[in-house]
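Enquirer: Give the three-dimensional model of this entry:
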Amino acid sequence: MPSRRTHTKSRLGCLQCKKRRVKCDEKVPRCGSCAKHNITCKYTGSPVNRLLLSRIVYSNNQQSLDTEERSSSEISYISRTSPYSESPASIGGGRLSTTSASSLDRLDILSNLIDRNPQFPSDLHMRDLELMHHYSTETYRTWSEGQAPEIQEIWKTVVPKEALAHRFLMHGLLALSALHLCQINSGDKGPSRVMYTEIATRHQSLALSSFRSELNNITPLNCNAVFAFSGILTIATFASCQCTGIEQGMAPVEEILRVFSLLRGVNEILHTARDWILTGQLGPIVRDTFTSTADALPAEARAALDYLDEANSHNRDSDAKKAYCSAIQKLRNYFEIFYSQGQQVRIAMAWPITVPSAYIALLKSRQPMALVVLAHYCVILRLFDRCWWLTGWSENVVEEIYQSLDASWRPSMRWPIKIVGQVEKGKYQ
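Expert: Below is the predicted model of the structure:
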């Protein structure tokens, strides 16, 4: 009787051969069977074993090793042998050898971790990473400066973390960061400024497209993201004029009215979700309140605001008179806050939110008294002119107001003109 043909088990074969229950020749990176059928070949086992086995060669004919010669003890030895050894490891009386360490690609040990059929792009979107880094190190400071460390930390870490779960907020952060970089490169007429402007426009467009639907369904899950984005959007609207200029055909007063509309929208969002936000991680922003001292108001500012009250006292329209009185009083309060509590940029955002709707309506209809009050608000903007996203706004708005008023109203513009500092430019002569 002929001797029984011996059979050696393939314990280190590829997954495909095991699934098909055929013997695997264990060639790497692709066994003979998989190569024949032109299919993907994947192995199990430790990266170290697979790396070293891929380096094994015959000293005579370069064929695959007989499986019986790889006993469990020898495999254990291979696993313990460092692939970085300066001398090759030898097994089985010199028949088995590995290439020298100097010729090994030391990252090959991780080769089995590479997805052979990646389902995601291989690039890291370096530009967006740059924008997020810039936001977290620089941009957030430009409106949180002067506030409590706790609130600064919220804008630095909590809001970006919230953005990971809400794409519209992430696009908003990246858009604002791009606008900031655009302003930093304002003296550069080359491609970098244009590039950041285009990136900001793209991110803002993506943000707004999904933000609109969120506004119709504010919940405890998205209220923080909606609130944070609303504030960022307001800043971005101010900032966009620094990069792209005021929209063609839109006067500065009309443009700032659009910003006021956004600011008042933020307040409506806060009113809708106030209780949710108060109990969440953004709660300290909402709870942070202003304090003021009337004695801190400089005499020149007090005299200018008293002049406005006097001019309004002769108003025959009782409803308009009431609206102007409220707007002037709130403006006085925020000047007192500015000079007593410190120069927090959020002061510049507060007045447009708190003035009565009747005053906004008068301003939209370009009533002279409403425009004069707005010119005095521009003094606050001028005091924050160092802030990159407010730079230039006061000059543009005050100039348009001055040019639109007749001579009888111009005396009431003296203080705004003086503070804005445009007299020497000859625009108000």
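
Enquirer: dump the residue contacts of the most centrally placed residue in the chain.
Expert: Among the residues of the chain, L173 comes closest to the average C-alpha position under C-alpha atoms, centre = their mean, at 2.5 Å. Neighbouring residues of L173 by C-beta atoms under 8 Å, 6 or more residues apart in numbering: 131-132, 135, 159-160, 163, 232. Yep, even glycine has a C-beta here, placed from its N, CA and C like the rest.

Enquirer: Filter these down to the ones in helices?
Expert: Counted as lying in helices by DSSP state H, out of the contacts of L173, are 131-132, 159-160, 163, 232.

Enquirer: returning to what we had before: can I get the contacts of L173 in a markdown table with pLDDT?
Expert: As requested, the contacts of L173 are exported to a markdown table (pLDDT from 0 to 100):
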| residue | pLDDT |
| --- | --- |
| L131 | 95 |
| M132 | 96 |
| Y135 | 96 |
| V159 | 97 |
| P160 | 96 |
| A163 | 97 |
| I232 | 92 |
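
Enquirer: For burial, what's the neighbour tally of S261?
Expert: Residues lying near S261 (other C-beta atoms under 10 Å) number 14.

Enquirer: Give me the buried positions along the one helix or strand it maps to.
Expert: Following DSSP states H and E, one finds S261 within helix 252-278. Under the neighbour-count criterion of 16 or more other C-beta atoms under 10 Å, helix 252-278 has 252-253, 255-257, 259-260, 262-264, 266, 269-270, 273, 276-277 buried.

Enquirer: Likewise for stretch 388-403?
Expert: 388-391, 393-402.

Enquirer: again with stretch 127-144
Expert: For stretch 127-144, the buried set under the neighbour-count rule, 16+ other C-beta under 10 Å, comprises 128, 130-132, 134-136, 139-140, 142-144.

Enquirer: contacts for that stretch?
Expert: 151-152, 155-157, 159-160, 173-174, 176-178, 180-181, 199, 235, 345-346, 387-389.

Enquirer: Just the buried subset of those residues, please.
Expert: Among these, those scoring as buried are 151-152, 155-156, 159-160, 173-174, 176-178, 180-181, 199, 235, 345-346, 387-389 (criterion: 16+ other C-beta under 10 Å).

Enquirer: before we move on, back to that, helices - which of the buried residues of stretch 388-403 land there?
Expert: Among the buried residues of stretch 388-403, DSSP H puts 393-402 in helices.

Enquirer: Output these as JSON lines; include the columns distance to I380 and pLDDT.
Expert: Output for those, formatted as JSON lines (distance: C-beta to C-beta, whole Å; pLDDT from 0 to 100):
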{"residue": "W393", "distance to I380": "10", "pLDDT": "91"}
{"residue": "S394", "distance to I380": "8", "pLDDT": "92"}
{"residue": "E395", "distance to I380": "14", "pLDDT": "91"}
{"residue": "N396", "distance to I380": "15", "pLDDT": "90"}
{"residue": "V397", "distance to I380": "12", "pLDDT": "94"}
{"residue": "V398", "distance to I380": "12", "pLDDT": "94"}
{"residue": "E399", "distance to I380": "17", "pLDDT": "92"}
{"residue": "E400", "distance to I380": "17", "pLDDT": "93"}
{"residue": "I401", "distance to I380": "15", "pLDDT": "95"}
{"residue": "Y402", "distance to I380": "17", "pLDDT": "93"}
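
Enquirer: closest to I419 among these?
Expert: Of all these, S394 has the smallest distance to I419: 8.2 Å, by C-beta to C-beta.

Enquirer: who's in contact with L263?
Expert: Residues in contact with L263 (C-beta under 8 Å, 6+ apart) are 234, 349, 352-353.
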